[in-house]
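Q: Here's my sequence, what's the structure:
(4 chains)
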There are 2 protein chains.
Amino acid sequence: MEAAPHDETIRAGGLELRRSDGLVLAGGQVVQTSVRELRLLVALVDRWGRIVSREELYRLAWGGTLRAGDRSVDVYVHKLRAKLEQALPDTAFIHTHPGFGYRFDPVSQGLNRSATAR
Amino acid sequence: MEAAPHDETIRAGGLELRRSDGLVLAGGQVVQTSVRELRLLVALVDRWGRIVSREELYRLAWGGTLRAGDRSVDVYVHKLRAKLEQALPDTAFIHTHPGFGYRFDPVSQGLNRSATAR
DNA sequence: CGACTCGTGAACGAGTCGTGAACGCGTGGG
DNA sequence: CCCACGCGTTCACGACTCGTTCACGAGTCG
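A: Numbers count the residues shown, from 1 in each chain, chains lettered A, B, ... in the order given. Here you go, the predicted structure:
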């Protein structure tokens, strides 16, 4: 029944991601995510610290090829950011790398951390 | 980390569930449940805090495979919510996760600003 | 400036979920 | 034998959610 070969639970800067349940916790509270949102988040978290192109993110979360002009990834990154920031306002999780893609790396505001963004 | 494998009596946020009797108490008063309702409730409580798919709930409470288009689980979740809400109006027990399933987690209204929000 | 990338809110169609009601079945009492 | 009753299923309709797409503005770079 439970098929979870990977790490069942991922923890990152106040974020908790239970793969088997499809449950996301941030700061102790439940973050409601849709199926797409969760798959995108998992795709990003699995490549923690690395820049992931939109093409790859689309392939992982949607399962096809990203067509030219498709902004779906952008829109869903926005949705994820909104939900995560609502739960943990002082932490930035997803960073934009213009021309390359997105990168997942929790950075708490006010603390010294590698802020590679922009 | 595992919460109560098969305890006799389960207590959760004003709810009391005795397995052997099949007795459900909420806020001190008895909640009359049918066999199906109780089995569904037990299935949810046993996976407290986790999202449980309709397929699994059907398998646990009914004992077969959920056919496409079968709304039985939805209807019985509704019945359970109605009965629990009548006993404890300020507590939400069963939360919906669209696309995933249902999750049992008692949340008292007004005292808790977290959990199921959108 | 002009072209491009990205953020963000809104609108829309499709699908999912909540909910009341009708129906059928078995049970037990008159 | 008939009827009332509780239980479980199914249906119908409304409300809500999801994913896509568009539109516009901000920011960036040569």
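
Q: Those residues of chain A touching DNA strand C, which are they?
A: A:54, A:71, A:74-75, A:77-78, A:81-82, A:96-101 (C-beta under 7 Å from any atom of the strand). In this view, the C-beta of every residue, glycine as well, is placed from N, C-alpha and C.

Q: Put together a markdown table for these, with pLDDT on each row.
A: Listed next are these as a markdown table, based on pLDDT from 0 to 100:
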| residue | pLDDT |
| --- | --- |
| A:54 | 97 |
| A:71 | 97 |
| A:74 | 98 |
| A:75 | 98 |
| A:77 | 98 |
| A:78 | 98 |
| A:81 | 97 |
| A:82 | 97 |
| A:96 | 97 |
| A:97 | 97 |
| A:98 | 96 |
| A:99 | 95 |
| A:100 | 96 |
| A:101 | 97 |
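
Q: Next, please give the residue ranges for the strands of chain A.
A: A:9-12, A:15-18, A:23-26, A:29-31, A:51-52, A:91-97, A:101-108 (DSSP state E).

Q: Can you check which of those strands gets nearest to residue B:65?
A: strand A:23-26 (24.3 Å; C-beta to C-beta).

Q: how close does residue A:95 sit to residue B:105?
A: Using C-beta to C-beta, to the nearest Å, residue A:95 is found at 32 Å from residue B:105.

Q: Likewise for residue A:105?
A: Look at residue A:105 and residue B:105: by C-beta to C-beta, they are 30 Å apart.

Q: do stretch A:50-69 and chain B meet at all?
A: No: applying C-beta under 8 Å from any C-beta of the partner chain, one finds stretch A:50-69 separated from chain B by no less than 13.6 Å.

Q: buried ones in that stretch?
A: Buried residues in stretch A:50-69, counted by 16 or more other C-beta atoms under 10 Å in any protein chain shown: A:52, A:54, A:56, A:57, A:58, A:60, A:61, A:62, A:66.

Q: neighbouring contacts of that stretch?
A: A:36, A:39-40, A:42-44, A:70, A:72-74, A:76, A:97, A:100-104 (C-beta atoms under 8 Å, 6 or more residues apart in numbering or on different chains).
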